[in-house]
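J.: Build me a model from this:
(2 chains)
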There are 2 protein chains.
Amino acid sequence: MIDTLKQHIGKYIRISEQDHEGVLKFFNAVHARKKENLLSEGKICRSNYFVVKGCLRLFFIKENGAEQTIQFAIENWWLSDYTSFEKQQPSGFYLQAVEKSDVLAITYQHQEEMLQQFPIMERYFRLMHQRANAAAQFRIKGLYGQSREELYRQFKSRYPEFVQRIPQYLLASFLGFTPEYLSELRSKKFS
Amino acid sequence: MIDTLKQHIGKYIRISEQDHEGVLKFFNAVHARKKENLLSEGKICRSNYFVVKGCLRLFFIKENGAEQTIQFAIENWWLSDYTSFEKQQPSGFYLQAVEKSDVLAITYQHQEEMLQQFPIMERYFRLMHQRANAAAQFRIKGLYGQSREELYRQFKSRYPEFVQRIPQYLLASFLGFTPEYLSELRSKKFS
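T.: Okay, here's the model as predicted:
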């Protein structure tokens, strides 16, 4: 499991074998069952999560009781509630495994310690957050004013593997569609 | 101007006086007129911008021709189109000064060079992106399903100085309100 993260880090920064081993010691392996919550509303988000296998989602409960997914993470993506994680304050979100997932978790304290011992890792996390930040800008743009068909088309072109992997009813809710409308869009490409 | 950035960096990382001076050499001062575009759709976003004085906004043009603001930056905030900046590819956004603004700009190439010479700055930018990432999650949550009154209340409590500063018609469009509805909400607190 740890090898997946090691490879991922190696894609972004140059790091010695010894430092690499030191870094990885700060992570814990988590095997989450399908629909298991790694975080619940009102709790403090203790960890930042890296998906080795499977899929996580961050969602909140709307006033009408419905779950609204705001982000997904599949293999090689990081996910956390970064407000709760950074400030170690109660979260307004749930973080849940969409399917059976293998995840590496690093607590806030461990992340701070690790970054102090291995400052080269600041670059890796800077690049991860910069990428997530870019994705969030794209996402926010999509939530305003784009036609729904355009939104789907753009998501598919930016994250092809993602659209394949995510269960359709979750993808529909994420994009603000009904499942019926999504399946209509998907069938269009064959027509 | 450069002192504002120096102080801001000093709040987040410990850095020697000499390194500090070295870092600041990579920035250019930009004096933007009110409504001046620092970036236009179709152009490559060359720089990452730090607001010393004034206010920037990132917006795009909707299909109906209306401008939709997705992010603001006031004093001590960074703003850029991070997809265009990171990949040096054409942007889908405009970056504009809301009012007369003093801004420090660092080009992509200068940022890379600066980070190589002063890796301590990776921590500063990691923290900035992590904070922006947290803000984006909060923002995306707000765009789904919250009542409009709740959305306004939460923004005001998270960013009090922000709600004071931004012109009302822009704040209304940002939150997805009509200006009339926003002024109704603002008058409520006195009633």
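
J.: residue ranges with poor pLDDT in chain A?
T.: A:145-146, A:189-191 (pLDDT under 70).

J.: Which parts of stretch A:67-78 count as buried, going by neighbours?
T.: Applying a neighbour-count criterion of 16 or more other CB atoms under 10 Å in any protein chain shown, one finds A:Gln68, A:Thr69, A:Ile70, A:Gln71, A:Phe72, A:Ala73, A:Ile74, A:Glu75, A:Trp77, A:Trp78 buried in stretch A:67-78. Heads up, the C-betas are built off the backbone N, CA and C, glycines and all.

J.: With secondary structure as added columns, please give those residues in a markdown table.
T.: Below are the buried residues of stretch A:67-78 laid out as a markdown table (DSSP: H, G, I helix; E, B strand; the rest coil):
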| residue | secondary structure |
| --- | --- |
| A:Gln68 | strand |
| A:Thr69 | strand |
| A:Ile70 | strand |
| A:Gln71 | strand |
| A:Phe72 | strand |
| A:Ala73 | strand |
| A:Ile74 | coil |
| A:Glu75 | coil |
| A:Trp77 | coil |
| A:Trp78 | strand |
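
J.: Of all pairs in those residues, which one is the farthest apart?
T.: A:Gln68 and A:Glu75 (23.6 Å; CB to CB).

J.: Quick check, central residue of chain A?
T.: Nearest to the mean C-alpha position of chain A, by CA atoms, centre = their mean, lies A:Ala73 at 2.9 Å.

J.: Just put the buried residues of stretch A:67-78 in JSON lines and tack on distance to chain B.
T.: Converted to JSON lines, these look like this (distance: CB to the nearest CB, whole Å):
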{"residue": "A:Gln68", "distance to chain B": "5"}
{"residue": "A:Thr69", "distance to chain B": "9"}
{"residue": "A:Ile70", "distance to chain B": "5"}
{"residue": "A:Gln71", "distance to chain B": "7"}
{"residue": "A:Phe72", "distance to chain B": "12"}
{"residue": "A:Ala73", "distance to chain B": "12"}
{"residue": "A:Ile74", "distance to chain B": "18"}
{"residue": "A:Glu75", "distance to chain B": "20"}
{"residue": "A:Trp77", "distance to chain B": "13"}
{"residue": "A:Trp78", "distance to chain B": "10"}
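
J.: List the residues that contact A:Arg46.
T.: A:Phe85, A:Thr107, A:Tyr108 (CB atoms under 8 Å, 6 or more residues apart in numbering or on different chains).

J.: Tell me the secondary structure of A:Ala134, please.
T.: A:Ala134 - assigned by three-state DSSP - is helix.

J.: who touches the spatially closest residue to it that is not a sequence neighbour in this structure?
T.: Spatial nearest neighbour of A:Ala134, excluding adjacent residues (CB to CB, 6 or more residues apart in numbering or on different chains): B:Tyr82 at 3.8 Å. B:Tyr82 makes contact with A:Gln130, A:Arg131, A:Asn133, A:Ala134, A:Gln137, according to CB under 8 Å, 6+ apart.

J.: ok, now A:Lys6?
T.: Counting by CB under 8 Å, 6+ apart, A:Lys6 has contacts A:His20, A:Leu24.

J.: try A:Ile61
T.: By CB under 8 Å, 6+ apart, the contact set of A:Ile61 is A:Glu41, A:Glu67, A:Gln68, A:Tyr94.

J.: and the last one, how many residues sit next to it?
T.: Using other CB atoms under 10 Å in any protein chain shown as the criterion, A:Tyr94 is surrounded by 20 other residues.
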